[in-house]
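Q: coordinates only, sequence not included:
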Ligand SMILES: *Cc1c(COP(=O)(O)O)cnc(C)c1O
């Protein structure tokens, strides 16, 4: 492969490539990356940036980690892929065993797939097929919170926020789901039981049609970067049981320590019937996701019309991805990540606090290694993105949210640099 020169690279990118949620042809700035190492992204233009995004929650141990590279090389020597129909392998079995150990006890059965959106599709299909197998085929709908984000495929999109997910655009292709308001009581706010009224009323009125409640526990990610009271999760668990509805928790963003607990549902001390994980699973090395469920649920499928769960991706349990994920989880277990995450939380709190005094700022909040500055007005990406690059950090705000979730290995002075850049750029806004 002959490398392209910088102008060709950008020119051809603009001519042929879609970027996430970007216009085509892409008119916004795009920054070519040469390599990445530790917490740094090296641009083709020579700048070195501290990555404040961990490549969208994934790269918790930094880039080009020797242990992840070594695990990948060792797996490539054996095989990078083999079909999973009728075959199995060391990496998938050991990774499944590890996930079962890390997650709450009742979750015993692991379904591997390629991306978070598909893990959500799988979870929703599991819930529907569970009720179908139990003679309740009318339970096909889902209850969820507004401002949620669960992925971009059709079933996942149907439980994303209806406004930001532009549901009206896809109206006749999307299932109408049941929405309740996004939880309003903040993470450390004062709990009031009335907060569950809308949730309970919906279950009481429509429980017969609802297969499961699905939401992101404690942290609503891409839908609003909002941290809410863990009692919502605890009470939702009780209400789901009372009204005969399954509980699916989407921990694709929050899983593996990001919030300060291994899983965000640990704050509520409850276990879902179905759990989705992804993003940080391979430490940002490559795409892999999983849907975990209880023995009770998976055993029910045998009594149903299909007899088996009706899903099976071509690249299911890809050995290369599983080997890297296994090493990544070993790496996570090898040091005191809780202290690291809590140190980053403290640094983000003190570093972002001065933003509160800026006129453009509405709110500043931190939970675990996630820092959020909410603005009154949406940012102009074409303006702020190059400003952050000029400050030596990589951040990717959206809408009214400037936020950071750096790798756990980010050092104090690097967290301080991220916070300083956020303050500097916001201070320049009119
Ligand atoms: C990112 C994300 C997804 C979708 O994952 P993809 O790998 O992008 O398909 C689903 N749910 C949550 C909470 C996410 O943050």
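A: Cool, the structure landed. Note that this is a predicted model, so its numbers are computed, not measured.

Q: can you give me the strands in the stretch 151-300 of the chain?
A: Secondary structure of the stretch 151-300 of the chain, counting by DSSP state E, counting those that start in this stretch: strands at 178-180, 210-215, 219-220, 226-227, 246-250, 274-277, 289-294.

Q: How about residues contacting the third one?
A: Where contact means C-beta atoms under 8 Å, 6 or more residues apart in numbering, the residues beyond strand 219-220 that reach it are 145, 147-149, 182-183, 225-228, 253-254, 258-259, 264, 367, 370. No exception for glycine: its C-beta is placed from N, CA and C like everyone else's.

Q: Show me what from the stretch 151-300 of the chain comes close to the ligand.
A: Listed as neighbours of the ligand in the stretch 151-300 of the chain under the rule C-beta under 6 Å from any ligand atom: 151, 216, 221, 222, 250, 252, 253, 278, 279.

Q: Quick one: the strands of the stretch 151-300 of the chain as TSV, columns for mean neighbour count and mean pLDDT too.
A: Formatted as TSV, the strands of the stretch 151-300 of the chain follow (neighbours: other C-beta atoms under 10 Å; pLDDT from 0 to 100):
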stretch	mean neighbour count	mean pLDDT
strand 178-180	19	98
strand 210-215	26	98
strand 219-220	24	98
strand 226-227	23	98
strand 246-250	28	98
strand 274-277	29	98
strand 289-294	25	98
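
Q: so what's the closest residue to the ligand within the chain up against?
A: Nearest residue of the chain to the ligand: residue 116, at 2.1 Å (C-beta to the nearest ligand atom). Residue 116 is in contact with 151, 250, 252, 276, 278, 279, 289, counting by C-beta under 8 Å, 6+ apart.

Q: Am I right that the third one is in contact with residue 290?
A: No: Residue 252 is not in contact with residue 290 according to C-beta atoms under 8 Å; the separation is 9.8 Å.

Q: which neighbours do the two share?
A: 119, 276, 277, 278.

Q: how far away is the residue nearest the centre of the chain from residue 167?
A: For the chain, residue 253 is the residue whose C-alpha lies nearest the centre (C-alpha atoms, centre = their mean; 2.2 Å). Per C-beta to C-beta, to the nearest Å, residue 253 is found 21 Å from residue 167.

Q: Return the member of the contacts of residue 116 nearest to residue 87.
A: residue 289 (20.3 Å; C-beta to C-beta).

Q: how far away is the closest one from residue 280?
A: Distance, residue 289 to residue 280, by C-beta to C-beta: 11 Å.

Q: just residue 413 next, same as before
A: 24 Å.

Q: what does residue 418 give?
A: 18 Å.

Q: For the stretch 201-350 of the chain, which segments count as helices?
A: 230-242, 295-300, 319-333, 337-352 (DSSP state H, counting those that start in this stretch).

Q: With mean pLDDT and mean neighbour count added, can I get those helices in CSV?
A: Output for the helices of the stretch 201-350 of the chain, formatted as CSV (pLDDT from 0 to 100; neighbours: other C-beta atoms under 10 Å):
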stretch, mean pLDDT, mean neighbour count
helix 230-242, 98, 19
helix 295-300, 96, 16
helix 319-333, 98, 23
helix 337-352, 98, 19
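
Q: And those: which comes nearest residue 129?
A: Closest approach to residue 129 among the helices of the stretch 201-350 of the chain (C-beta to C-beta): helix 295-300, 8.3 Å.

Q: name the helices or strands packed onto the closest one?
A: Secondary-structure packing of helix 295-300 (3 or more C-beta pairs under 8 Å, 6 or more residues apart in numbering; DSSP states H and E): strand 107-113, helix 116-133.

Q: pLDDT score assigned to residue 25?
A: Looking at residue 25, its pLDDT reads 89.

Q: Hmm, residue 13 and it touching each other?
A: No: using C-beta under 8 Å, residue 25 is not in contact with residue 13; the gap is 9.4 Å.

Q: tell me, what's touching the two both at once?
A: Residues touching both residue 25 and residue 13 (C-beta under 8 Å, 6+ apart): there are none.

Q: more neighbours, these two?
A: A direct count of neighbours by other C-beta atoms under 10 Å for residue 25 and residue 13 places residue 13 higher, at 15 against 11.

Q: quick one, what contacts that one?
A: Residues in contact with residue 13, defined by C-beta under 8 Å, 6+ apart, are 26, 30, 32.

Q: Same check on residue 163?
A: residue 146.

Q: May I see the buried residues of stretch 352-369?
A: 352, 354, 355, 358, 360, 361, 364, 365, 366, 367, 368, 369 (16 or more other C-beta atoms under 10 Å).

Q: and for it, what are the contacting residues?
A: 186-187, 218-219, 227, 257-261, 340-342, 344-345, 348-349, 371-377, 400, 405-406, 408, 419, 422-423, 426-427, 429-430.

Q: isn't residue 10 right next to residue 30, touching?
A: Yes: under the criterion of C-beta under 8 Å, residue 10 makes contact with residue 30 at 6.6 Å.

Q: neighbour count winner among these two?
A: Taking neighbours as other C-beta under 10 Å, residue 10 and residue 30 compare with residue 10 leading, 17 against 14.

Q: How is the more buried one assigned, secondary-structure-wise?
A: Here residue 10 is helix, with the state taken from DSSP: H, G, I helix; E, B strand; the rest coil.

Q: Of the helices and strands packed on helix 295-300, which stretch is the most buried?
A: helix 116-133 (a mean of 24; mean count of other C-beta atoms under 10 Å).

Q: and the helix or strand following it, what other elements does it pack with?
A: Under the assignment DSSP states H and E, the closest C-terminal helix or strand after helix 116-133 is strand 141-145. Secondary-structure packing of strand 141-145 (3+ C-beta pairs under 8 Å, 6+ apart): strand 178-180, helix 197-206, strand 210-215.

Q: Can you lay out the contacts of residue 116 as a markdown table showing distance to residue 104?
A: What follows is these, written out as a markdown table (distance: C-beta to C-beta, whole Å):
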| residue | distance to residue 104 |
| --- | --- |
| 151 | 23 |
| 250 | 15 |
| 252 | 17 |
| 276 | 14 |
| 278 | 18 |
| 279 | 19 |
| 289 | 18 |
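
Q: List just the nearest of those to residue 81.
A: Among the contacts of residue 116, and counting by C-beta to C-beta, the member closest to residue 81 is residue 289, at 16.5 Å.

Q: Skipping adjacent residues, who's closest to the closest one in space?
A: Of all residues not flanking residue 289 in the chain, residue 278 sits nearest, at 3.4 Å (C-beta to C-beta, 6 or more residues apart in numbering).

Q: follow-up on the earlier one: doesn't residue 223 make contact with the residue nearest to the centre of the chain?
A: No: Residue 253 lies out of contact with residue 223 (C-beta under 8 Å); the separation is 10.3 Å.

Q: what do those two both touch?
A: Shared contacts of residue 253 and residue 223, defined by C-beta under 8 Å, 6+ apart, are found at residue 216.

Q: Alright, that wraps it up for me.
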